[in-house]
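Novice: I'll drop the sequence and a predicted model, then ask my questions.
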Amino acid sequence: MVAVEEDAPSFFTPGSGNIALGIAIVVFMTIALYNALELSLLIPLSFRRYRSLYFWSLLTSATLGVIPATIGPVLQFFSLAPLWLSLFLSNLGFVMMVPNQSVVLYSRLHLVSQDTNILRAVRWLIFASLFVIIPTITTNVGDAYLPHNRKWSRSFQVLERFQVTWFAVQEMIISSIYIYDTIRMMRLSPETDKRRNKILYELLAVNVTAILMDLTLVVLEYVGFYFTQVILKAAVYSIKLKLEFAVLGMLVSIVHSRGSWQADCDTSMLS
């Protein structure tokens with residue numbers, strides 16, 4: 001979502017013509033769009049069935065999430081489109097990219113955790129994020145159209161920081177569940193099973209990397225690099241989506257090796 005605080009320095013103001021930020025925007029935009037377009041082609045080709053929650057959350061995150069979340073802020077920064085169009089694309093991309101990432105993580109959580117209480121708690125956590133999304137979008141629009149209104153501006157600043165923190169913590173919690181279950185599976189696996197242990201270490205590294213990327217976005221938000229955080233976010237989420245292909249392959253290998261893979265699992269992929 002895009003809006004610029006009234007007291008933000010000109011370096012981060014859309015349309016200010018700052019060369020350094022403009023170059024960074026082009027670089028991040030290229031990375032995000034390339035990854036999203038590649039995923040839009042690879043995802044339908046990689047799945048046997050198109051009815052799983054994992055498939056649709058992954059596909060919509062790339063096509064309806066990353067792409068508009070990249071284009072919207074760019075249009076606003078360079079003043080290339082009406083404000084309403086930039087805001088529509090930015091907010092649509094935000095909803096389909098950020099909250100949807102938690103759905104992507106949840107949709108494969110059952111592969112490592114069969115605890116119904118944990119799965120239920122994660123579902124309710126994702127559902128609760130609706131109460132964060134709606135007021136943030138409302139204040140975003142109000143602040144964009146009434147930039148000199150201190151109440152709108154202040155409300156959006158507070159809610160924006162809250163939602164960035166909320167979704168970072170939410171994704172960290174889900175990733176932490178993977179890390180916990182991965183470590184548990186490593187302890188249970190035979191020491192001679194080097195291939196399985198290698199996969200578990202790779203899975204652990206992917207989840208730790210995702211947490212570090214979330215922390216980077218939070219830090220940028222709180223130190224005042226708002227627009228940089230917005231533009232970088234699309235690139236970061238496109239990278240996290242690409243990591244999903246590696247993660248799914250790892251999980252399939254792990255579950256196959258422990259002999260509990262379900263033949264009708266909707267997340268199965270073609271080799």
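Specialist: Here it is on my side, so go on. Numbers count the residues shown, from 1 in each chain.
Novice: so what's the residue count around residue 92?
Specialist: As a burial measure, residue 92 scores 17 neighbours (other CB atoms under 10 Å). Using the backbone N, CA and C atoms, a C-beta is placed for each residue, glycine as well.
Novice: do residue 79 as well
Specialist: Neighbourhood size, residue 79 [other CB under 10 Å]: 11.
Novice: quick one: it from residue 20, how far?
Specialist: As judged by CB to CB, to the nearest Å, residue 79 and residue 20 stand 18 Å apart.
Novice: ok, now residue 235?
Specialist: Applying CB to CB to residue 235 and residue 20 gives a distance of 17 Å.
Novice: with residue 56 instead?
Specialist: 39 Å.
Novice: again with residue 118
Specialist: 44 Å.
Novice: neighbour count: the two, which is higher?
Specialist: More crowded of residue 118 and residue 20, by other CB under 10 Å: residue 118, with 16 against 8.
Novice: got the phi/psi numbers for that one?
Specialist: Main-chain dihedrals, residue 118, degrees, to the nearest 10: phi -70, psi -40.
Novice: any idea how far residue 106 is from it?
Specialist: 10 Å.
Novice: hmm, who's touching stretch 213-223?
Specialist: By CB atoms under 8 Å, 6 or more residues apart in numbering, the surrounding residues in contact with stretch 213-223 are 160-161, 164-165, 167-168, 171-172, 226, 228-229, 232-233, 236, 239-240.
Novice: okay, now residue 214: neighbour count?
Specialist: Using other CB under 10 Å: residue 214 sits among 24 other residues.
Novice: check for me that it belongs to a strand.
Specialist: No - applying DSSP: H, G, I helix; E, B strand; the rest coil, one finds residue 214 to be helix, outside a strand.
Novice: find me the pLDDT at it, would you?
Specialist: According to the prediction, residue 214 has pLDDT 91.
Novice: distance check, it against residue 127.
Specialist: Residue 214 is 20 Å from residue 127, by CB to CB.
Novice: got it, and residue 51?
Specialist: From residue 51 to residue 127 the distance is 22 Å (CB to CB).
Novice: now swap in residue 160 and tell me
Specialist: 21 Å.
Novice: please say which of those two ends up with more neighbours.
Specialist: Of the pair residue 160 and residue 127, residue 160 is the one with more neighbours under other CB under 10 Å, namely 21 against 10.
Novice: from residue 71, how far off is that one?
Specialist: As judged by CB to CB, residue 160 and residue 71 stand 20 Å apart.
Novice: please apply the same query to residue 51.
Specialist: Residue 51 is 29 Å from residue 71, by CB to CB.
Novice: more crowded one of those two?
Specialist: Legend: neighbour count by other CB under 10 Å for residue 51 and residue 71, higher for residue 71 (21 against 8).
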